[in-house]
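1. model this:
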Amino acid sequence: MPDPKDNVEELKAATAADVHRAVREEGEDERRRPTSALFWSGLAAGITIHASLLAEASLLLHGGPDTGELVVGLGYPIGFLLVILGRMQFFTESTITAMLPLVHRPSRVSLYRTLRLWGVVLAANLFGTLLAAAMTASGLIGHDGLSEAAITISAAFAEHAPLDIFINAIPAGFLIAVLAWSLPNAREQAWLVIFSVTYLIGIAGFSHSIVGSSEAFLLAIAGGVSWPTAIFGLIVPAVTGNLIGGAGIFALLVHAQVRDEVEES
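-> Okay, the predicted model is just below:
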């Protein structure tokens, strides 16, 4: 006969210390992956996340110019669902997973592993979004109408000044870190958590560096902005803000709350 206490334990959510350990161990595994594995997984993620822009563009195209942002925004989570549930290497998700091992046991080797992970994955993600944007602009993905709709959506990103993009990227990085922190407890509801958090990022106008790079690259290829503007005026401020929000604020906060409980683990 099963022990009722076992059923109670199964119903309990993992404690903050348990989640910290799970996310930290995931980060350790990621930091030990070969560079080639990180790159190819990150490249796949960069190409796949472009589905968010394509889904939004499809909703705008078929709904017409009067389609509201709340409806168009329903397409924003699509790429995130594919990337995160597909276990691809994603820069903004790694801001917390790679940061926790570093703050748990700081060392030069740990710092190197974290920076190596971020550098490889970010470069691969951006190369992936560049490829996907080029294929969209050339008509290899979808058709002319879809490309034009994607450019229309992307133009809204370019309307913001670099400082505004940086500021709006901080809550985006924070929320993606919250998402990565929440997934160990999400279980069967993981898709709903991913959808809810990323939908909020989309409709709130927060700046996500990787989705934003799809938009920036598409605009640069189409001639809507210059390449220096795309890279230094749009992408770099978003990357910096995401890092501050994810690795600089949320990761340090969650580590601080359980530091005494996990310092010996």
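
2. in this structure Val258 contacts Asp18, no?
-> No - Val258 lies out of contact with Asp18 (Cβ atoms under 8 Å); the separation is 9.2 Å. C-beta coordinates here come from the backbone N, C-alpha and C atoms, glycine included.

3. quick one, helices of the stretch 101-250 of the chain?
-> For the stretch 101-250 of the chain, the helices defined by DSSP state H, counting those that start in this stretch cover 108-137, 144-158, 162-186, 190-204, 209-222, 227-228, 236-243.

4. for the first one, which positions count as buried?
-> By that I understand helix 108-137. Buried residues in helix 108-137, defined by neighbour count with 16 or more other Cβ atoms under 10 Å: 110, 113-114, 117-118, 120-130, 132-133, 135-137.

5. where's that helix relative to the chain centroid, distance-wise?
-> 12 Å (Cα atoms, centre = their mean, to the nearest Å).

6. show me what that helix is packed up against.
-> Other elements packing on helix 108-137 under the criterion 3 or more Cβ pairs under 8 Å, 6 or more residues apart in numbering; DSSP states H and E are helix 16-31, helix 35-63, helix 91-97, helix 99-104, helix 144-158, helix 209-222.

7. repeat that with 10 Å
-> Helix 108-137 sits against helix 16-31, helix 35-63, helix 77-85, helix 91-97, helix 99-104, helix 144-158, helix 209-222, helix 236-243, with contacts defined as 3 or more Cβ pairs under 10 Å, 6 or more residues apart in numbering; DSSP states H and E.

8. now these in TSV, with mean neighbour count?
-> Listed next are those as TSV, based on neighbours: other Cβ atoms under 10 Å:
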stretch	mean neighbour count
helix 16-31	19
helix 35-63	21
helix 77-85	22
helix 91-97	28
helix 99-104	22
helix 144-158	19
helix 209-222	27
helix 236-243	24
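
9. sorry, back to before: quick one: which of the helices of the stretch 101-250 of the chain is nearest Ile49?
-> Ile49 sits nearest to helix 209-222 of all the helices of the stretch 101-250 of the chain, at 5.3 Å, using Cβ to Cβ.
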